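*Asks:* Any chance you can model this:
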Amino acid sequence: MCWFSSHPVALFIMPELPEVETTRRGIEPYVTEARIKEAIIRRHDLRQPVSENILEIEGHTIRKVTRRSKYLLLEIDDGSTLLIHLGMSGSLRVIDPADDWKKHDHVGITLGNGKQLRFHDPRRFGLVLRLMESDPLSHPLLENLGPEPLESGFTVEHLKSICAKRSAAIKLVIMDSKVVVGVGNIYASEALFRAGIRPDVPANKLTKPRLAKLVAAIRQVLADSIEEGGTTLRDFLNSDGQPGYFKQRLFVYDRKGEPCRVCGTPIRHKVIGQRSTYWCPQCQK
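*Replies:* Predicted coordinates:
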């Protein structure tokens, strides 16, 4: 879970790429090279059933923690990988194993260093799976994902080649995980504002220079969000299940009718692809 603020006012959203990267950075120091003392499954029925063979990782060591899109990957020294997705309401906490189990705590991994990694998910749309593939990125959940927005594969040329074939609204295109991962609803609205592009412009109408601005804006808004997240990593040692991640100053999202922070024009709102969309009619063309 994550708390954002625009004025600031608290706003609940599902975990997106910056929140998941903040989670990865938060748990990494406590689980890397830690021996797994015990694996505990208290509830199996998440979006997919929790892998029963997770219990077989006991006695093994977590080698490293990586991320692909919104999936966390814990590499185990037996060659398997734990894949964790936070779903709509999930969180991971590093706690004392003696801490009471809360109602929605479903999975725990007790470590030899005296800590426990505990998965909490009220809505149960998350995932905790053990992948046996030698290359976990070949798993069906991961193999068709687009490039990471902060890595070299996400280029203007890549986005231009896709947009040339798509007449859908540009906001829908950049939210497609096969095009680029991690651009959720809030980040799409904010990036389009920074790039000066209306969210409903047909993708194939955008020139390469405008797409270059959009690529830069997507990178910047995500990087800024991840940087802000670094200020609350201590929350991953709390036991209350409420890692606030970070607060961020939003320019358009959830600000319908409020003055644009740049020009003062009232922010507009409409639904595009069943998602609430916000933009400034003056700053975005």
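
*Asks:* The closest residue to residue 59 other than its chain neighbours: what's it in contact with?
*Replies:* Nearest in space to residue 59, with sequence neighbours left out and distances taken as Cβ to Cβ, 6 or more residues apart in numbering, is residue 36 at 6.7 Å. Backbone N, C-alpha and C define where each C-beta goes, glycine included. By Cβ atoms under 8 Å, 6 or more residues apart in numbering, the contact set of residue 36 is 57-62, 76, 109-112.

*Asks:* likewise residue 276?
*Replies:* Neighbouring residues of residue 276 by Cβ under 8 Å, 6+ apart: 185, 254, 269.

*Asks:* One more: residue 33?
*Replies:* Residue 33 is in contact with 61-63, counting by Cβ under 8 Å, 6+ apart.

*Asks:* repeat for residue 54
*Replies:* Residues counted as contacts of residue 54 (Cβ under 8 Å, 6+ apart) are 39, 41, 82, 107, 128, 130.

*Asks:* Now for those residues: which two are most distant?
*Replies:* 41 and 82 (12.3 Å; Cβ to Cβ).

*Asks:* what packs against the helix or strand residue 271 falls within?
*Replies:* If you go by DSSP states H and E, residue 271 is part of strand 268-272. Contacts defined by 3 or more Cβ pairs under 8 Å, 6 or more residues apart in numbering; DSSP states H and E place strand 268-272 against strand 275-279.

*Asks:* so residue 66 touches residue 25, yeah?
*Replies:* No - the pair residue 66 and residue 25 fails to qualify as a contact (Cβ atoms under 8 Å) at a distance of 11.3 Å.

*Asks:* Where does residue 65 sit: helix, strand or coil?
*Replies:* Under DSSP: H, G, I helix; E, B strand; the rest coil, residue 65 falls in the strand class.

*Asks:* Neighbours of residue 46, how many?
*Replies:* Per other Cβ atoms under 10 Å, the neighbour tally for residue 46 reads 21.

*Asks:* ditto for residue 78
*Replies:* 15.

*Asks:* How about the one 10 residues further on?
*Replies:* Other residues within reach of residue 88 by the criterion other Cβ under 10 Å amount to 16.

*Asks:* And the pLDDT at the residue nearest to residue 121 when sequence neighbours are not counted?
*Replies:* For residue 121, ignoring the flanking residues on the chain, the nearest one in space by Cβ to Cβ, 6+ apart is residue 90 at 3.9 Å. What the model reports as pLDDT for residue 90 is 89.

*Asks:* Double-check that residue 217 belongs to a helix.
*Replies:* Yes - counting by three-state DSSP, residue 217 is part of a helix.

*Asks:* start the count at 686, not 1, going forward
*Replies:* OK, 686 is where the count begins now, so the last one is residue 902.

*Asks:* correct me, but it touches residue 872?
*Replies:* No - the criterion here is Cβ under 8 Å, and residue 902 misses it with residue 872 at 9.7 Å.

*Asks:* between these two, which one's more packed in?
*Replies:* Counted by other Cβ under 10 Å, residue 902 and residue 872 do not tie: residue 872 has more neighbours, with 23 against 20.

*Asks:* Helix, strand, or coil at that one?
*Replies:* Three-state assignment for residue 872 (three-state DSSP): helix.
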